[in-house]
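S.K.: my questions concern the predicted model and sequence given below.
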Amino acid sequence: MNIHSKKSKAHIRYRLKDNSIVPGTTTITGSELGWNKQILISWANCIGLEGISSSKYRDERADIGTLAHAMVTDWLLSKKTETDDYSKNQIAAAENSALSFFEWANHKKIRPILVEKPLVSEKYRFGGTPDIYANIDSVNELIDLKTGSGIYPEMVIQASTYKYLLVENGYPVESVRILNIPRTEDEAFFEQKISKAHQDIAWKIFLNCLANYYLKREMK
């Protein structure tokens with residue numbers, strides 16, 4: 001059985017056939033949307049008033065989320081997840097988070113097709129790595145895993161963008177689903193299927209963000 005570690009995972013560089021480097025989906029949405037910036041500022045202020053370092057708190061939860069994500073994707077690939085870089089508390093929290101996915105998957109027939117496979121769009125010049133593309137109960141479905149306190153519009157945009165990225169690369173997508181797997185007691189399991197209408201709107205928003213990204217590069 002293979003052993004898989006995600007904490008030290010290298011940053012992915014997306015290259016087109018001509019070897020040119022293109023931005024990733026999260027780079028585009030992170031730099032061009034900015035919808036959550038004010039929320040994050042308010043959150044950091046509240047955490048600081050409680051005497052807690054917002055950066056350490058954020059990094060701790062991010063590590064738990066990374067490990068939980070690895071546990072799920074490794075399980076799909078029959079890999080053993082390496083946990084040596086994590087604390088006992090982080091491992092316990094990540095196991096609890098992954099358990100919510102396993103319970104969701106328990107009565108489903110899942111055949112993984114692509115798991116964390118980097119893809120590029122030659123047409124639109126960007127890349128992305130969908131979490132899970134699998135045949136689930138005879139439906140070709142894209143699943144985007146999230147850990148946090150809910151499902152937000154930018155997550156819908158990201159997941160929908162992965163759908164069109166898969167389709168361009170020859171992988172038909174019949175359903176798009178976001179699964180939020182909780183890391184701590186103050187978070188909850190959420191599941192959202194994205195309608196075709198919302199997928200189309202999200203894709204248009206992403207293309208506008210992509211255009212802005214390249215226009216800004218031209219100005220530099």
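M.R.: Sure thing, it's come through. Numbering: from 1, shown residues only.

S.K.: so residue 203 sits against residue 164, correct?
M.R.: Yes. Between residue 203 and residue 164 there is a contact under Cβ atoms under 8 Å: 5.5 Å. All C-beta atoms are positioned from the backbone trio N, CA, C, and that covers glycine.

S.K.: looking at those two, which is more packed in?
M.R.: The residue with the greater number of neighbours, taking residue 203 and residue 164 and applying other Cβ atoms under 10 Å, is residue 164; the counts read 20 against 15.

S.K.: quick one: residues contacting the more buried one.
M.R.: If you count contacts by Cβ atoms under 8 Å, 6 or more residues apart in numbering, residue 164 has them with 121, 203.

S.K.: for the lengthiest strand in the chain, name the packing helices and strands.
M.R.: Longest strand of the chain, by residue count under DSSP state E: strand 139-146. Helices and strands in packing contact with strand 139-146 are listed as helix 54-76, strand 132-136, helix 153-168, strand 175-180; criterion 3 or more Cβ pairs under 8 Å, 6 or more residues apart in numbering; DSSP states H and E.

S.K.: what comes up buried for the longest one?
M.R.: What it means is helix 54-76. Within helix 54-76, the residues scored as buried using 16 or more other Cβ atoms under 10 Å are 54, 60-61, 63-76.

S.K.: need the next SSE after it, C-terminal direction.
M.R.: With elements assigned by DSSP states H and E, the helix or strand that comes after helix 54-76 is strand 80-81.

S.K.: got it, and the last one?
M.R.: Following strand 175-180 in sequence order, the next helix or strand is strand 190-193 (DSSP H and E).

S.K.: dump the residue contacts of residue 168.
M.R.: 121-123.

S.K.: now with 6 Å, please.
M.R.: With contacts taken as Cβ atoms under 6 Å, 6 or more residues apart in numbering, residue 168 has the following neighbours: residue 121.

S.K.: next one: it from residue 115, what distance?
M.R.: Plainly put, residue 168 is 19 Å away from residue 115 if you go by Cβ to Cβ, to the nearest Å.

S.K.: and for residue 105?
M.R.: Here the distance between residue 105 and residue 115 works out to 13 Å (Cβ to Cβ).
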